[in-house]
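*Asks:* Got a sequence here, can you build the structure:
(one chain, ligands or ions: 2)
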Amino acid sequence: MSKNNVVIKNGVRFEIAKYLNKVAPKCTKVVIITDNNVFLHYEADVVASLERAGITVKTFVMQAGEKNKNIDTYTAMINFVADAKMSREDVIIALGGGVVGDLAGFVAATYMRGIKVIQMPTTLLACIDSSIGGKTGFDLPQGKNLIGAFHQPSAVLIDLETLKTLPKEEFQNGLGEGIKYAFLIGNGMLELLKEGLDDGNLLDFVTRCVDYKLDIVNRDEKESGLRKLLNLGHTLGHAIEKESNYTIPHGLAVTKGTLCVANASVKCGKLQKQVYLDAIDVCKKYDLDYTISYDIKTLLKNIQMDKKMHSDGDISFVDIEGVGNCVVRTTSIKVLEEYLTK
Ligand code: NAD
Ligand code: GLY
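*Replies:* Ligands and ions are numbered 1, 2, ... in the order given. Sure, this is the predicted structure:
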């Protein structure tokens, strides 16, 4: 997707109709998909902007939480969209965090074989990661995101003002993906996190993450190679999420996975120990528990259904050679276990 279709601007939620008109000039109906927390804060602002422009708006409110990122919620959503008699010219707006964004994106991908979706992320994690790149879907009992589709948003409208109401633990959760980006991008990102994110540098931080992800996705949308890099920390991360019965949120699980790989990399002499210690300082600064209380062997045994698993039993994982120098490796689970536990 073009960089021009990503807008990062305080108060952009009051101007939705303008951007909607740019990407879907024939749209007359919008279904907003949100969750019960975000609804209370921001739904009215978005509705007001759309109704002023003569758009008919209906809102589906899901119960917040990863445990609801499932087929029942999807079914309820798609029925709601059909009942609203949405046409192919109409648009779904995903207003919320990654759970809302992934589900609403998948509804848009599958309703009438695909209609437009605008992502309006309201968590740090969604701003820097999940709203970009077009991965949509939901979880099955067997594993994370096992149902899904690639469906690029027509626009991503990021209103950093909405992060003001984000609970502290959700900001921390987003930083989990932030640490992942710091290892992927290099260029002082870890130092920026060490200094601390504030009103003065948040825009810069989010923009750099978004630009990095856009560049990768534009070169490898369907994850045949390069995009796999964005899965740094996710091999263990997904297993940790599932093992905890989703009580450990995605971003925090990714931090644990990333720090575990970084530690292995230090032990092999590839990564400077000071970098790993800096990453731990970032975790401490934001009160992020980077330790893993599960047995790595058990975690790895439980990832047989992971999308990173190949049919021959090997698995892709992202290794850290240095800051700004990560590589995708394919190995057996046994070798990965030895690497991560030695
Ligand atoms: P989330 O969507 O569950 O949101 C976290 C909590 O914050 C929820 O309770 C929500 O109601 C609340 N909230 C959201 N915005 C708020 C605001 N502005 N003010 C107050 N409360 C607010 O979680 P998340 O961390 O945003 O997303 C995690 C999900 O994203 C996972 O399912 C993960 O698999 C997915 N994900 C997808 C991609 C992708 O590329 N599609 C990438 C990374 C993660
Ligand atoms: N979060 C990984 C990706 O979007 O590819």
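
*Asks:* all contacts plus neighbour counts: C-alpha atoms, from now on.
*Replies:* Noted.

*Asks:* now check stretch 141-158, is it near ligand 2?
*Replies:* No: shown here: stretch 141-158 not in contact with ligand 2 (CA under 6 Å from any ligand atom), separated by at least 9.8 Å.

*Asks:* Just the CA coordinates for that stretch, please, in PDB.
*Replies:* C-alpha atoms of stretch 141-158 as PDB (Å, rounded to 0.1, in the frame of the first residue of the first chain):
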ATOM      1  CA  PRO A 141      -8.500 -23.500  19.600                       C
ATOM      2  CA  GLN A 142      -5.600 -25.200  17.800                       C
ATOM      3  CA  GLY A 143      -3.600 -22.000  17.500                       C
ATOM      4  CA  LYS A 144      -3.300 -18.200  16.800                       C
ATOM      5  CA  ASN A 145      -4.600 -16.600  13.600                       C
ATOM      6  CA  LEU A 146      -5.100 -20.000  11.900                       C
ATOM      7  CA  ILE A 147      -8.100 -18.600   9.900                       C
ATOM      8  CA  GLY A 148      -7.100 -15.500   7.900                       C
ATOM      9  CA  ALA A 149      -6.500 -13.700   4.700                       C
ATOM     10  CA  PHE A 150      -4.200 -11.000   3.400                       C
ATOM     11  CA  HIS A 151      -6.500  -8.000   2.700                       C
ATOM     12  CA  GLN A 152      -4.800  -4.600   2.500                       C
ATOM     13  CA  PRO A 153      -6.600  -1.700   4.100                       C
ATOM     14  CA  SER A 154      -7.600   1.200   1.800                       C
ATOM     15  CA  ALA A 155      -6.300   3.600   4.400                       C
ATOM     16  CA  VAL A 156      -4.800   3.600   7.800                       C
ATOM     17  CA  LEU A 157      -5.700   6.600   9.900                       C
ATOM     18  CA  ILE A 158      -3.600   6.800  13.100                       C
END
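
*Asks:* Name the residues of it that come out as buried.
*Replies:* By neighbour count on 16 or more other CA atoms under 10 Å, the buried set for stretch 141-158 is 143-145, 148-158.

*Asks:* Of these, which belong to strands?
*Replies:* Gly143, Lys144, Asn145, Gly148, Ala149, Phe150, Ala155, Val156, Leu157, Ile158 (DSSP state E).

*Asks:* Tell me who's in contact with the fourth one.
*Replies:* It refers to Gly148. Contact analysis of Gly148 by CA atoms under 8 Å, 6 or more residues apart in numbering lists Phe106, Lys135, Thr136, Gly137, Phe138.
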